[in-house]
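# The amino acid sequence is not available; the structure is as follows:
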């Protein structure tokens, strides 16, 4: 993840935690009064005085999954078996952690004439939840399309919420896709392909009309490194200018 030069360090208490998909948990922390960030940014969280530690240390960088309008900070992560994540899972409500940030420049562009095309794989969805919720609450005029790829619905955090936000924000459209429904116990009537040229073109064709945009979209990609590289290649090979692509790789989460 890239960083910026300006950040703040503070302590915040754990308010709540909940499972939002299989092996994926959301952690809600206090947000200092008057403090804010840009949707899409991330922060460093340090577990203080953990009962155990390991070679990966006690600090993790997490995208902020909450929107600036929400009264808490939410970090969402896959629960790998590390000392830091075991501590997060087991710490009592009210436990303090150290938070530093915000960092990063995967933030929504200002030109409202250009749509935002968000392309997420797995836990790469976290910065995009912040953007999409913010767009709805702030009533942004940006046209937005969110593509969200997972193996199964069981693995997809915030799936129901993303669909519900279409009713709240008429400028936003949600395209979830599942790539391994053979391993799922849930029904699925949506897309089943990887995020590839055919899937993107299928849903972006309506954007070609002047009623949708006056200038080309800005593309945002977040997810595992291989997925980010693959989708960037799809976009550039189809003629998208590299300056119109912004990425964030989620490795070793």
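All right, it came through fine. On a predicted model such as this, the values are computed, not experimentally measured, just so you know. Numbering: from 1, shown residues only.
# quick one: low-confidence parts of the stretch 1-150 of the chain?
Applying pLDDT under 70 to the stretch 1-150 of the chain flags the ranges 1-6.
# ranges for the helices of it?
Listed in chain order, the helices of the stretch 1-150 of the chain (DSSP state H, counting those that start in this stretch) span residues 83-90, 126-137.
# ranges for the strands of the stretch 51-200 of the chain?
Under the criterion DSSP state E, counting those that start in this stretch, the stretch 51-200 of the chain contains strands at 59-63, 72-78, 96-103, 116-121, 144-150, 172-178.
# Kindly report the domain assignment for the chain.
For the chain, the structural domains run 8-103, 116-249, going by automatic domain parsing.
# now the helices of the stretch 1-150 of the chain in CSV, with mean neighbour count and distance to residue 184?
Quick note: C-beta positions are derived from backbone N, CA and C, even for glycine. Converted to CSV, these look like this (neighbours: other C-beta atoms under 10 Å; distance: least, C-beta to C-beta, whole Å):
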stretch, mean neighbour count, distance to residue 184
helix 83-90, 17, 25
helix 126-137, 24, 22
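# who wins for proximity to residue 109 among the domains of the chain?
Among the domains of the chain, domain 116-249 comes nearest to residue 109, with 4.9 Å by C-beta to C-beta.
# distance between the ends of that closest one?
Start-to-end span of domain 116-249 (C-alpha to C-alpha, to the nearest Å) is 18 Å.
# on that earlier part again, with mean neighbour count and distance to residue 34 added, can I get the strands of the stretch 51-200 of the chain in TSV?
Output for those, formatted as TSV (neighbours: other C-beta under 10 Å; distance: least, C-beta to C-beta, whole Å):
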stretch	mean neighbour count	distance to residue 34
strand 59-63	21	22
strand 72-78	21	14
strand 96-103	20	14
strand 116-121	26	27
strand 144-150	24	28
strand 172-178	20	28
